[in-house]
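Novice: sequence unknown, structure follows:
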């Protein structure tokens, strides 16, 4: 089974908060220090006591929150820097990312491995520079 270009573009729009009809009309990116399971378990986020919080990457209908490009040909990347809060203590090394339906709690809808894991020490501000976070469906 494969997506058409149109299909992958529509699905991606629904996954990054650009469409109110997708599973993530509100989309938050999360970081994990462990490899998630397909059922959404084993996603280990750093502690909020260490300053961690998910970052918003799109609320449908709210253009000011859109940090991902409009999907084209089944691909999208960030057009703005994605910032996480400054770490007040070590978050250890984050190796995976996930897209969630809510800022806290919610459901993990998609996850992947970071190409370059990030060792987050106290006083560090984790971020993805413009164009350094991308999603592709084919």
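Specialist: Ah, there it is. Note that the structure is a prediction, hence the values are computed from the model and not measured. Numbering: from 1, shown residues only.

Novice: report the buried residues of stretch 119-135.
Specialist: For stretch 119-135, burial by neighbour count (16 or more other CB atoms under 10 Å) applies to 120, 126, 128, 133, 135. For the C-beta atoms, the positions are set from N, CA and C on the backbone; glycine is no exception.

Novice: show me which of the residues you listed has the smallest pLDDT value.
Specialist: On pLDDT alone, residue 135 ranks lowest of the buried residues of stretch 119-135, at 93.

Novice: just checking, that residue touches residue 18?
Specialist: No: here residue 135 does not reach residue 18: they are 11.7 Å apart, not a contact under CB atoms under 8 Å.

Novice: the residue nearest to the spatial centre of the chain and residue 9, how far apart?
Specialist: Nearest residue to the geometric centre of the chain (CA atoms, centre = their mean): residue 29, 2.8 Å. For residue 29, the distance to residue 9 (CB to CB, to the nearest Å) stands at 20 Å.

Novice: sorry, back to before: which residues touch the residue nearest to the centre of the chain?
Specialist: The contact partners of residue 29, taken as CB atoms under 8 Å, 6 or more residues apart in numbering, are 54-57, 82, 97-100, 133.

Novice: that one sits in which helix or strand?
Specialist: Assigned by DSSP states H and E, residue 29 belongs to strand 26-32.

Novice: chain center to that strand, what's the gap?
Specialist: 4 Å (CA atoms, centre = their mean, to the nearest Å).

Novice: what's stretch 39-51 in contact with?
Specialist: 30-36, 52, 54, 85-92, 94, 96, 98, 107-108, 111, 120, 122.

Novice: buried ones among those residues?
Specialist: 30-33, 36, 52, 54, 87, 91-92, 94, 96, 98, 108, 111, 120.
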